[in-house]
Structure formats: C-alpha cells, structure tokens
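**Q** Need the 3D shape of this:
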Amino acid sequence: LSFAAITCFSQDIPSIKFGKVGEADLAKKVYAIDTGAAAVVLADIGSTQVKGNDKSGVSLEFKHHKRIHILRTNAYDLATIEIPLYKDGDREEKLSDLKATTYNLENGKMVETKLNIKTGVFKDKIYKNNVIHKFAFPNVKEGSIIEFEYKLTSEFLFNAQPWNFQGQIPRLWTQYTISLPQFLDYMLIEQGNLPYYLNDRKDREGDYMIEFTKEVYGGKTVTERGDITCAVSDFRWAMKDVPALKEEPYTSSLDNFISKLEFQLAGYLPPFQ
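**A** This is a model prediction of the structure:
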C-alpha cells in the first residue's frame, strides 16, 4: 500500500452520534467560519471496512453519516440526497440501514420529522452501471438541521468510495477512515492543498471469516467457512473548519480543485493472489 507520510496529533475530536441534536444547535443562526453561509455541514463522517462474505471472497462496507444546518431558503436543494450505486449485470451494490431525520425548533421545542424509507426513497437507473437512490428530507425550513446515515456493501473491490473533504458550503468537521488488510493493495490519490487536522495510521492483526459453497455429491452442496488472519492498517484523515470552495471566473470544474481522497486497487496479495 502506497501512502504518504503519516502524522498524528493529539486534539479534541468531536463525538457526533445520529439523533444527538439539541435545541441549542437549532437556535444557532450564524457560524464564525462563514457568517454569510446559506448552510453549514456540521459533520460529515465516512468509514470503509473490509468484510468476509458468503461468496468466497470479501466485500467493502462503507458507512456514511452527515449532518447539515440549513440557514437560508437558497440552500433547500441540499435537502435532496442522491446515493450512487454501482452495478454489473445482476450484481449490484447494496444500500441498507438508511435513516434520515429533519429537526426543527417549534415554539421553543425540538420537533423531529423522520423520512419514511418505504415510500420516500426512489431508485433510478442512470447508466448501464449506475443506479441512484434518491430522497428528499421532509418538513425542511429555514433553521432546520437535516441528518442522514446509511451503509453501502459492495463486492466490487475496485470501487472503494472516494471522500470529499470540501464542497460548496463550509464544513466544521469532516473525517474518513478506512481499514485495509494486507491482501488488498490500494494506491491513494490525494487532491487539494488544505492541511489535515488528523492524519494517522495504526497497524493491528485482523480476522476475516469467508464462507464458500461446494458440491459434495448428487447435486448437494455444503457451506464451509475459512478464516484469514493477517495484518490490517487503520487509516484516518480529518479536516476541521473547512471553507467553502466557491466558483471563480474561468473555473472549468470545482471537482478538479476540492480537497479529496480516491483509492485505486493496484492488485491482490496472498492469499488472494
């Protein structure tokens, strides 16, 4: 695995859990990072783990948790969320554990409006290999805090999720972690010049349980399990008080300038070679 030099700092790290929104959070009208911002990302947290599966291999498990404070009506478009999934024939990445809630302050009390997952999420096939799951937060107003989280499971090991630390509105905290076993060789591609607040790595030993089915006789099959024990590296990157990246004259695409990480599968090492 080819990664840049790692540094680790000892700072306070915010503890952000889904649903832990208070009335004081909703009462806030402006943020020092950008007093004119129409919205602010309070937290954007992602993680990727490698998990053994029942198809004789491993899968990528990506979790995403995001919380945004909508301060002006011109930021209502942020309340529509699109989650892209990759597919190939009958195989498709799986979206699960989706939750989305809108928080409002009404008559001095916090009111929660939850998205109805069964009726409020729509699926569109955009291209041959791309599917979009889309939803809009209910009951969004000026001052609303919106929050969602989900899990995405993928058998496509080449499709490790990238991470954007920056966007068109400021972000107070954005963090991405990934845990990689020694049998998967990924190259890291970094873009942007913003400094990391945290950039560290820890090495440990990990176990991966893999299930596989084999035929024994007469068309009957049995499921067996194998255990892989190997070195695992846990990486973490975080940025704090990230300014918005605003479009400038003659800018071709903001995506070419934002600070982000991408992962490219370079190859497999034993026992997957």
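**Q** pLDDT weak spots in the chain?
**A** 1-12, 56, 211-219, 221-224, 247-254, 271-273 (pLDDT under 70).
**Q** Sketch out the helices for it, chain order is fine.
**A** 23-27, 117-120 (DSSP state H).
**Q** which one of those has the most crowded surroundings?
**A** The highest mean neighbour count among the helices of the chain, using mean count of other C-beta atoms under 10 Å, belongs to helix 23-27: a mean of 13. Bear in mind the C-beta positions are built from the backbone N, C-alpha and C, glycine included.
**Q** follow-up on the earlier one: which one, of the helices of the chain, ends up nearest to residue 234?
**A** helix 23-27 (29.9 Å; C-beta to C-beta).
**Q** And the closest one, what does it pack against?
**A** Helices and strands touching helix 23-27, by 3 or more C-beta pairs under 8 Å, 6 or more residues apart in numbering; DSSP states H and E, are strand 94-106, strand 109-114.
**Q** how about the helices of the chain in a markdown table, adding distance to residue 77?
**A** Listed next are these as a markdown table, based on distance: least, C-beta to C-beta, whole Å:
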| stretch | distance to residue 77 |
| --- | --- |
| helix 23-27 | 20 |
| helix 117-120 | 17 |
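**Q** Of these, which is nearest residue 260?
**A** helix 23-27 (27.1 Å).
**Q** Please export the C-alpha coordinates of that closest one as CSV.
**A** Output in CSV follows, covering the C-alpha atoms of helix 23-27 (Å, rounded to 0.1, in the frame of the first residue of the first chain):
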residue,chain,number,x,y,z
GLU,A,23,-32.3,22.8,20.9
ALA,A,24,-29.1,24.9,21.3
ASP,A,25,-27.9,23.5,18.0
LEU,A,26,-31.1,24.6,16.2
ALA,A,27,-31.1,28.0,17.8
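**Q** Give me the contact list for that helix.
**A** Outside of helix 23-27, the residues within contact range by C-beta atoms under 8 Å, 6 or more residues apart in numbering are 42, 69, 103, 104, 105, 108, 109, 110, 143, 144, 145.
**Q** can we see that at 7 Å?
**A** 103, 104, 105, 110, 143, 145 (C-beta atoms under 7 Å, 6 or more residues apart in numbering).
**Q** and the nearest residue to residue 138 once chain neighbours are set aside, what are its bridge partners?
**A** The shortest distance from residue 138 to any non-neighbouring residue, by C-beta to C-beta, 6 or more residues apart in numbering, is to residue 113 (4.9 Å). Residue 113 has the following beta-bridge partners by DSSP bridges: residue 102.
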